[in-house]
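>>> Sharing a model prediction with you, sequence too.
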Amino acid sequence: MKVKNLRFIYFSSFICVPILFLLAPKWLTLQGVAPCWPVLWLLPWVLERGKIFGLFYGFSLGLLMDSLSLEGATQIPALMVLGLWWGQDNGRTDTKDLSLNFGLLALLGATVYGLSIWIQLLFFATFDGSSWLNGWALHTLLAQSILTGLLAPMICSWAFLARREIN
């Protein structure tokens, strides 16, 4: 019974990421920039399950999110790297003790995620003759990282509490 409930929570929370991405609630934005929903979903589950889970679900979530966006950059490499990085702490409790650790890890993760997208867009833009530095990219990177870092303690702690309820 516990395994079925856990799979249901994984699946339902996994499906919530593209729904939140598509809905993009205006009250959860910072100057028009939404938080990095894939990072907020991946962080608590990977810390709990390990690096193989992080690698697989980073790829799966990146593939799902890439199918929803029309930009030339892919989210797969950043989410897989974050899954491997966060999965190194498999089962350690010191990372999960303070909810502020979730905020710091999410802030760093959203920054890595945003830089990955930005570098890919710069690489694709060099062939188009566009400018190398876009002012909107720095604004988006900072706003998304800050908002993700602020929301992570609440969302990631909730995900851990939901996991403990089942166990």
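Looks like it arrived, so ask away.
>>> Quick check: pLDDT value at the residue nearest in space to the middle of the chain.
Of all residues in the chain, the one closest to the mean position by Cα atoms, centre = their mean is residue 39, 1.0 Å from it. Here the pLDDT value assigned to residue 39 is 91.
>>> how near is it to residue 124?
Going from residue 39 to residue 124 by Cβ to Cβ, to the nearest Å gives 22 Å. The way it works is simple: take the backbone N, C-alpha and C, and place the C-beta from them, glycine included.
>>> what's the neighbour count on the closest residue to residue 114 other than its chain neighbours?
Distance criterion Cβ to Cβ, 6 or more residues apart in numbering; nearest residue to residue 114, sequence neighbours excluded, is residue 141 at 4.0 Å. Other residues lying near residue 141 total 18 when counted by other Cβ atoms under 10 Å.
>>> Work out for me the element residue 141 sits within.
helix 135-166 (DSSP states H and E).
>>> Likewise for residue 35?
For residue 35, there is no enclosing helix or strand under DSSP H and E.
>>> Would you mind confirming that residue 53 makes contact with residue 45?
Yes - proximity of residue 53 to residue 45 meets the contact threshold set by Cβ atoms under 8 Å, at 7.0 Å.
>>> So for these two, which sits in the more crowded spot?
residue 45 (24 against 18).
>>> The residue nearest to the centre of the chain: what's its closest spatial neighbour, skipping adjacent residues?
Of all residues not flanking residue 39 in the chain, residue 109 sits nearest, at 4.5 Å (Cβ to Cβ, 6+ apart).
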